[in-house]
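1. okay, here's the prediction I keep looking at, along with the sequence it came from:
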Amino acid sequence: MKTPNSERVHIAIFGNCNSGKSSLINAITGEQTAIVSDVAGTTTDLVKRAVELPNVGAALLIDTPGLDDNTALGTLRSEQSRKALMQTDIAIVLLPVEDKFLAQIRALEIPVIQVTPKADIATEVYKDSIAVSATTGKGIDSLITAIAGSCEQSSRLITEGVCSSGDTVVLVMPQDSSAPKGRLIKPQVEVIRELLDRGCSAICCQPDRLAHTLSSLAKPPQVVIADSSAFATVKPLVPQGVRLTSFSILFAAYKGDIELFREGAKHLLTLPPTARILIAEACSHTPQNEDIGRVKLPRLLRKKLGDEIRIETVSGADFPTDLTPYDIVIHCGACMFTRRYVLSRIAQAKSQGVAMTNYGVAIAALLGIETDK
Ligand SMILES: Nc1nc2c(ncn2[C@@H]2O[C@H](COP(=O)(O)OP(=O)(O)OP(=O)(O)O)[C@@H](O)[C@H]2O)c(=O)[nH]1
Ligand SMILES: [Mg+2]
């Protein structure tokens, strides 16, 4: 099955015009698909290429327009390159570039690999960089090893800190009318897969079978993970000493900053009836999300804060650059976004002094539900 882009490590190549970015992508993939020429400004758009890299796995290489293109159109394009940073997990930077750009990458805490390009003709190798030649292939292996090293540092588990290898885990997954027909939703599939990879036993049931499932086990499970909509039914059935959490809480930690989201949810409960709230969805059209973001969440918000509150919704890449008109941003679970993308939105909200939370944490707070993690 094809790996979705949200599961791929996003590796973006940045540098000035003609520095050899597209050639480097061709050298990494061993295919001459990116257009290369000695005319500055050859790459005019973000170009994404799905690849499998040794010790990295599924990756998405992102070719970008030159950063130093100062023509009118070029300025727009280089602006695009800077925007690409928002979706970048690992940045490969072809030196030299403006210090300001490197500072921007560091501010977003994106792992960066610095490269001296065209090593076959370069007269000097920049400090702390890997010398690489797309023409001779020199340094390409070292570059891929460095990418693998950066991936290792940033890889994290969904069930980190909640489940240990070998645990028995009961998953409570309602398959009601809001569930898609004939399949499981992505967060459930991903948790089950990860538990299997970690040598855990994953036992799935719907809420009405939980009591039966627990009583049929010789020993209580270590963890119960429930859909937050089933919490009211599940909580009283979970024995003392068994850890209880929800898929949304796990994903809030995996795809964001759970502490910040919890603070945001506390703030949400104190907002006045004049509040202005921004709901941000990652997908432009996903029925289940639409249901939560457009119907369920607004209903809960109005019930708690009053009918006068103003709620606006944005979707996809359509996230405002100025968040200050809003009292809070409520983001979806971001199953279609990478962690980095969500973190860069969090960084933006933080720098503008605007509170942020996500669907799962906000709904839990509005319903007065508490989880162990
Ligand atoms: N000698 C040498 N030439 C290279 C190397 N890599 C790229 N070039 C040449 O440098 C020129 C620019 O290469 P591109 O890959 O198009 O550079 P780019 O950074 O993608 O350029 P823009 O898309 O215009 O920003 C081409 O003429 C390439 O043949 C290299 O490793 N060694
Ligand atoms: Mg190019």
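-> It's in. Ligands and ions are numbered 1, 2, ... in the order given.
2. so how many other residues sit close to the nearest residue to Ser150 once chain neighbours are set aside?
-> Once flanking residues are discounted, Ser150 sits nearest to Pro111: 4.2 Å by CB to CB, 6 or more residues apart in numbering. Every residue, glycine included, has its C-beta placed from N, CA and C. Here the number of neighbours of Pro111 (other CB atoms under 10 Å) works out to 19.
3. repeat that for the one 10 residues further on.
-> When neighbours are counted by other CB under 10 Å, Ile121 registers 8.
4. same thing with Asp257?
-> By other CB under 10 Å, 19 other residues sit near Asp257.
5. before we move on, what about Glu109?
-> Residues lying near Glu109 (other CB under 10 Å) number 12.
6. quick one, what contacts it?
-> Residues near Glu109 by CB atoms under 8 Å, 6 or more residues apart in numbering: Leu343.
7. pLDDT at it, what is it?
-> In this model, Glu109 is scored at 77, pLDDT.
8. output the below-cut-off pLDDT ranges for the chain.
-> 1, 72-75, 78, 152-155, 284-290, 370-373 (pLDDT under 70).
9. which element is the residue of the stretch 151-300 of the chain found nearest ligand 1 on?
-> Nearest to ligand 1, among the residues of the stretch 151-300 of the chain, is Cys151, at 23.7 Å (CB to the nearest ligand atom). Using DSSP states H and E, Cys151 sits within helix 140-154.
10. check contacts around Pro207.
-> Val172, Pro174, Ala226, Ala230, Thr233, Val234.
11. domain-wise, how is this protein divided?
-> 5-154, 168-250, 257-367 (automatic domain parsing).
12. Glu160: which of the ones you listed is closest?
-> With respect to Glu160, and counting by CB to CB, the nearest of those is domain 168-250 at 8.9 Å.
13. tell me how far that closest one is from the chain's mean position?
-> Per CA atoms, centre = their mean, to the nearest Å, the displacement of domain 168-250 from the mean C-alpha position of its chain is 23 Å.
14. which residues of the chain lie near ligand 2?
-> Lys21, Ser22, Thr42, Thr43 (CB under 5 Å from the ion).
15. can I assume Cys17 sits in a helix?
-> No: under the criterion used here (DSSP: H, G, I helix; E, B strand; the rest coil), Cys17 is coil, not part of a helix.
16. ignoring the adjacent residues along the chain, who's closest to it?
-> Spatial nearest neighbour of Cys17, excluding adjacent residues (CB to CB, 6+ apart): Gly66 at 3.0 Å.
17. in helices only, show me the contacts of Pro207.
-> In this view, these that belong to helices under DSSP state H are Thr233, Val234.
18. for stretch 47-64, list every residue counted as buried.
-> Val47, Arg49, Val51, Leu53, Val56, Ala59, Leu60, Leu61, Ile62, Asp63, Thr64 (16 or more other CB atoms under 10 Å).
19. what number of residues lie near Pro272?
-> Neighbours around Pro272, by other CB under 10 Å: 10.
20. got a list of what the closest residue to ligand 2 within the stretch 51-200 of the chain touches?
-> Here the residue of the stretch 51-200 of the chain nearest ligand 2 is Asp63; by CB to the ion that distance is 5.9 Å. Contacts here follow CB under 8 Å, 6+ apart; on that basis Asp63 touches Ile13, Lys21, Ser22, Ile25, Ala34, Thr43, Leu46, Val47, Lys48, Arg49.
21. now list the buried members of those.
-> Ile13, Lys21, Ser22, Ile25, Ala34, Thr43, Leu46, Val47, Arg49.
22. neighbours of the closest residue to ligand 2 within the stretch 201-350 of the chain, just the number please.
-> At 22.0 Å from ligand 2, Ala317 is the closest residue in the stretch 201-350 of the chain, using CB to the ion. By other CB under 10 Å, the residues close to Ala317 number 12.
23. residue contacts, Thr88?
-> Counted by CB under 8 Å, 6+ apart, Thr88 has contacts His10, Ile11, Ala12, Ile62, Ile110, Arg340.
24. give me that answer again for 6 Å
-> His10, Ala12, Ile110 (CB atoms under 6 Å, 6 or more residues apart in numbering).
25. what's the helix or strand for the second one?
-> Assigning secondary structure by DSSP H and E places Ala12 in strand 9-14.
26. and that strand, what does it pack onto?
-> Applying 3 or more CB pairs under 6 Å, 6 or more residues apart in numbering; DSSP states H and E, we find strand 9-14 packed against strand 57-63, strand 90-94.
27. who does it pair up with?
-> With DSSP bridges as the test, strand 9-14 is paired with strand 57-63 (parallel), strand 90-94 (parallel).
28. any chance of these in TSV, plus distance to Arg243?
-> Listed next are the strands paired with strand 9-14 as TSV, based on distance: least, CB to CB, whole Å:
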stretch	distance to Arg243
strand 57-63	30
strand 90-94	33
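29. JSON lines for these, including distance to ligand 1?
-> As requested, the strands paired with strand 9-14 are exported to JSON lines (distance: least, CB to the nearest ligand atom, whole Å):
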{"stretch": "strand 57-63", "distance to ligand 1": "7"}
{"stretch": "strand 90-94", "distance to ligand 1": "7"}
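30. start to end distance for stretch 110-126?
-> 20 Å (CA to CA, to the nearest Å).
31. err, stretch 228-246, not the other one
-> So stretch 228-246: terminal residues 6 Å apart, CA to CA.
32. partner strands of the helix or strand encompassing Val115, parallel or antiparallel?
-> Assigning secondary structure by DSSP H and E places Val115 in strand 112-116. Strand 112-116 sits in its sheet next to strand 90-94 (parallel), strand 130-131 (parallel), going by DSSP bridges.
33. contacts for that strand next, please.
-> Identification of contacts with strand 112-116 by CB under 6 Å, 6+ apart yields 91-95, 105, 122, 125-126, 128-132, 146.
34. one more time with 7 Å, if that's ok
-> 90-95, 105, 122, 125-126, 128-132, 143, 146-147, 150 (CB atoms under 7 Å, 6 or more residues apart in numbering).
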